[in-house]
Structure formats: C-alpha cells, structure tokens
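# Can you look at this prediction? I've put the sequence above it.
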Amino acid sequence: GDVVNQDGEIGKQFEKWLTTKATEMNSLLPWAQLSNYVTWPNKEKVKENSMIDDAWIDHRTAREYTQHLQQAPFIHFPSCEKGLPGDADPMTNYRYLGQIARSVAFDTVEGDKEFKQVLRDFVHLTPEIMEYAAKVVSILGAF
C-alpha cells in the first residue's frame, strides 16, 4: 500500500517477486478483459449454453478459472504492461480497462444475473473518484 506507493524501488522489487512467484506456481494470469474473458464454470458448459454470441466474444480469448487456480495460495493479474499497438497476442496487453460485467461468460442466465447484481450492489468507486470524474465531465462535456 503506502510503502510501495512512496518508494518506487520497493514497488518494483515487490512486482518482480510477485511475478516470479506466480510464474513458479503457474498462477500468473495476464487476462485483461479487453482481450480475454473467463468462462464459468468452464468452456464446455458455456459453449453448450449459447448465451453468448460472436459480438459478445469480440475476438477475445476464452479462459478458465481451473481447479489448480482455485486452490492456488494466490493468483496474480499483472497490470499496466502493454504490447505494441495492433499486437494480436492477447498476452501482451494487460491493462484492466473495460466493462467488468462483460468479463465473465456464464453457462446460465441466473449465474450472469447474480454476477451483475453483486457488481451493482457491492462494487463502487470511492467518492473522490466520482468527484474527479464529475470535474472531467464538466470540462469535456457528457459526449
């Protein structure tokens, strides 16, 4: 938290350690939602369901949150790494910007609805973020 934010070198060392450890444990997941989506409970069940279409997938790669990952002591989603513009490799762009509600493909309508309800009810931006966003919108305009 604060120590890492105050000392960039400590932050870099921690990030290096975290990436190395997650790689050793096979729990390094550069799965940014702009180029990937998670299937729940797995790819086969989601494919059988046909709830999602090609427009929803939008050239993204399907990923699975496997039993191995569920049992791992931790998983690491590296962030703010960027490949070259137009790079087709989904593993080179792990910026987590995008609509989280479009990040998981479920095998049931109920699962999809429950996920979105949890996001609606429990995931909120801090008041400071909303304040800054309002200032930006007041300067730039809504659209």
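Cool, the structure landed.

# C-alpha only now, for contacts and for neighbours.
OK.

# So which other helices or strands are in contact with the longest helix seen in the chain?
Determined from DSSP state H, the single longest helix within the chain is helix 8-24. Counting contacts by 3 or more Cα pairs under 8 Å, 6 or more residues apart in numbering; DSSP states H and E, helix 8-24 packs against helix 2-6.

# and the nearest residue to L119 once chain neighbours are set aside, helix, strand or coil?
Leaving aside its sequence neighbours, L119 sits nearest to A101 (Cα to Cα, 6 or more residues apart in numbering; 7.7 Å). The local conformation at A101, judged by DSSP: H, G, I helix; E, B strand; the rest coil, is helix.

# is it true that A101 touches K116?
Yes. Using Cα atoms under 8 Å, A101 is in contact with K116, at 6.3 Å.

# Show me where this structure has its strands.
Taking DSSP state E as the criterion, the chain carries its strands at 36-40, 61-64, 104-106.

# Who are the packing partners of the last one?
Put plainly, it is strand 104-106. Using 3+ Cα pairs under 8 Å, 6+ apart, strand 104-106 sits against strand 36-40.

# where does this structure dip in pLDDT?
1-6, 80-98, 143 (pLDDT under 70).

# could you redo the last one with a cut-off of 50?
Low-confidence segments of the chain (pLDDT under 50): 1.

# picking up where we left off before, mean neighbour count, the strands of the chain: which tops it?
Compared across the strands of the chain, strand 104-106 shows the largest average neighbour count, a mean of 23 (mean count of other Cα atoms under 10 Å).

# who does that one pair up with?
strand 36-40 (parallel) (DSSP bridges).

# Distance from the chain centre to the partner strand, please.
Centroid displacement of strand 36-40 relative to its chain, using Cα atoms, centre = their mean, to the nearest Å, is 10 Å.

# Equivalent analysis for stretch 24-35, please.
On Cα atoms, centre = their mean, the centre of stretch 24-35 falls 9 Å from that of its chain.

# Please apply the same query to stretch 110-127.
For stretch 110-127, the distance to the chain centre is 15 Å (Cα atoms, centre = their mean).

# Can I get that stretch in PDB, CA atoms only?
Taking C-alpha atoms only, stretch 110-127 is exported to PDB below (Å, rounded to 0.1, in the frame of the first residue of the first chain):
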ATOM      1  CA  GLU A 110     -29.100 -17.000 -13.400                       C
ATOM      2  CA  GLY A 111     -25.300 -17.000 -13.000                       C
ATOM      3  CA  ASP A 112     -25.000 -14.000 -15.200                       C
ATOM      4  CA  LYS A 113     -27.700 -12.100 -13.400                       C
ATOM      5  CA  GLU A 114     -26.200 -12.900  -9.900                       C
ATOM      6  CA  PHE A 115     -22.800 -11.700 -11.000                       C
ATOM      7  CA  LYS A 116     -24.200  -8.400 -12.300                       C
ATOM      8  CA  GLN A 117     -26.200  -8.000  -9.100                       C
ATOM      9  CA  VAL A 118     -23.100  -8.400  -7.000                       C
ATOM     10  CA  LEU A 119     -21.300  -5.800  -9.100                       C
ATOM     11  CA  ARG A 120     -24.200  -3.400  -8.800                       C
ATOM     12  CA  ASP A 121     -24.600  -3.900  -5.000                       C
ATOM     13  CA  PHE A 122     -21.000  -4.200  -3.800                       C
ATOM     14  CA  VAL A 123     -18.500  -2.700  -6.200                       C
ATOM     15  CA  HIS A 124     -18.400   1.100  -6.000                       C
ATOM     16  CA  LEU A 125     -15.900   3.800  -6.800                       C
ATOM     17  CA  THR A 126     -14.700   6.000  -4.000                       C
ATOM     18  CA  PRO A 127     -16.300   9.400  -3.500                       C
END
